[in-house]
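# I would like to see how this sequence folds:
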Amino acid sequence: MQPELLAPAGDLEKLKTALYFGADAVYLGGKDFSLRAFADNFTEEELAAAVEYAHARGKKVYVTVNIFAKNSDFPALSRHFSFLQEAGADAALVTDAGALALAKQAAPRLPLHLSTQANTTNKYAAKFWQEQGVRRVVLARESSLEEIAAIHAFCPSLELEAFVHGAMCISYSGRCLLSNYLDGRDSNRGACVQACRWRYTVTPEGGRLPLTAEEDARGTYLFYS
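Just a heads-up that it's a prediction; the model follows:
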C-alpha cells in the first residue's frame, strides 16, 4: 500500500498551499458537521471547486463530517452526504455510528473513513469498523508504532491513518469536556476553545503555594487524562 501524506485545509488558499508543497491529499470541513467549526471552512460551491482543483492535479479531498451527532442533525446530514457523493469527494470522515449508518444509505458510493475521534486503539475495533463498511480508520493519536503494526497485521486490507503532527487533547483523541466546562463551548460539536493550550496555575488544598503547570520532554502531568 502506497503511503499518503495528508494535510488539513481550513480554506481554499491553505488547500492550494498544502498541495503545492507536496501533500497527496487534504482533509477539510464544510460549514456544518465538522469539529473545526471556527475555521473558515467551505461552502458547498467552494467544496465542489476544491475537489475539482485537487483532482485536476491527481490529489484527493476528504471531508470531515465528524461531530457527535444529535437527533436533530440527521435530516441535514442526509442531504450533506448526498452532496459529497455528487461532488466527487474521495471520502467522508465520520465518528458517530448513526452518521455512518446514514451515510451508507444516503450516499452508498461515498467512501467512508473513521475519524480519530472514534478512539480506535485495538485490532478488534478496527476489524469491526471495517465490517461496517469503513475503508480507512484514523487511529487514536495515542497509538504506538507497535500497536499500529499489530492492527495492520490483523486487518491487512484496511487502510490505516495516523497523525504525525498536531495537538494532543487531554482525553482519548479529543473527546474533551474541558472546553464545555470552562467556556461553555462544546468541543464535540466543533466549537472547542482549546482550553488545553491555556497556561494554568494550580493551587493545591492546604494553603500551599500555587503550582505552574509545566511540561517536560514527556508531557504535562497535572491535567493528564
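
# tell me the contacts of the spatially most central residue of the chain?
The centroid of the chain falls nearest to Ser115 when counting by Cα atoms, centre = their mean (4.7 Å). By Cβ atoms under 8 Å, 6 or more residues apart in numbering, the contact set of Ser115 is Thr64, Asn66, Leu93, Val94, Thr95, Val138. Using the backbone N, CA and C atoms, a C-beta is placed for each residue, glycine as well.

# now, which of these lie within helices?
Secondary structure defined by DSSP state H assigns none of these to helices.

# low-confidence regions, this protein specifically.
Residue ranges of the chain with pLDDT under 70: 1, 167-175, 219-225.

# hmm, back to that, are any of the contacts of Ser115 buried, and if so which?
Among these, the ones that count as buried by 16 or more other Cβ atoms under 10 Å are Thr64, Asn66, Leu93, Val94, Thr95, Val138.

# mind listing what the second one touches?
Taking Cβ under 8 Å, 6+ apart, we find Asn66 in contact with Phe33, Ser34, Leu35, Leu93, Val94, Thr95, Asp96, Ser115, Gln117.

# same check on the last one?
Residues counted as contacts of Val138 (Cβ under 8 Å, 6+ apart) are Leu93, His113, Leu114, Ser115, Thr116, Ala118, Thr120, Glu161, Ala162, Phe163.

# quick one: the helices in the chain?
12-20, 44-56, 74-87, 97-106, 123-131, 145-154, 178-183.

# now distance to Asp216 and mean neighbour count too, for those helices, in CSV please.
Converted to CSV, those look like this (distance: least, Cβ to Cβ, whole Å; neighbours: other Cβ atoms under 10 Å):
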stretch, distance to Asp216, mean neighbour count
helix 12-20, 32, 17
helix 44-56, 40, 16
helix 74-87, 43, 17
helix 97-106, 38, 18
helix 123-131, 32, 16
helix 145-154, 22, 14
helix 178-183, 21, 15
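
# of the ones you listed, which approaches Arg199 most closely?
helix 178-183 (13.2 Å; Cβ to Cβ).

# only the C-alpha atoms, please, for that closest one, written as CSV.
Presented in CSV, the C-alpha positions along helix 178-183 are these (Å, rounded to 0.1, in the frame of the first residue of the first chain):
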residue,chain,number,x,y,z
LEU,A,178,-12.8,20.8,29.4
SER,A,179,-13.8,23.3,26.8
ASN,A,180,-17.5,22.9,27.8
TYR,A,181,-16.8,23.2,31.5
LEU,A,182,-14.6,26.3,31.3
ASP,A,183,-16.2,28.2,28.4
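
# what about Ala162, how many neighbours?
14 (other Cβ atoms under 10 Å).

# residues touching it, list them.
Applying Cβ under 8 Å, 6+ apart, the residues contacting Ala162 are Val138, Leu139, Arg141, Ser143, Ile148.

# pretty sure the last one is touching Leu139, no?
Yes: Ile148 is in contact with Leu139 according to Cβ atoms under 8 Å; the separation is 6.3 Å.

# which residues do those two both contact?
Leu160, Ala162.

# from Val61, how far off is Glu214?
40 Å (Cβ to Cβ, to the nearest Å).

# tell me who's in contact with the closest residue to Val94 other than its chain neighbours.
Using Cβ to Cβ, 6 or more residues apart in numbering and skipping residues adjacent in sequence, the residue nearest Val94 is Leu100, 5.0 Å away. Neighbour list for Leu100: Val94, Leu112, Leu114, Gln132, Gly133, Val134 [criterion: Cβ under 8 Å, 6+ apart].
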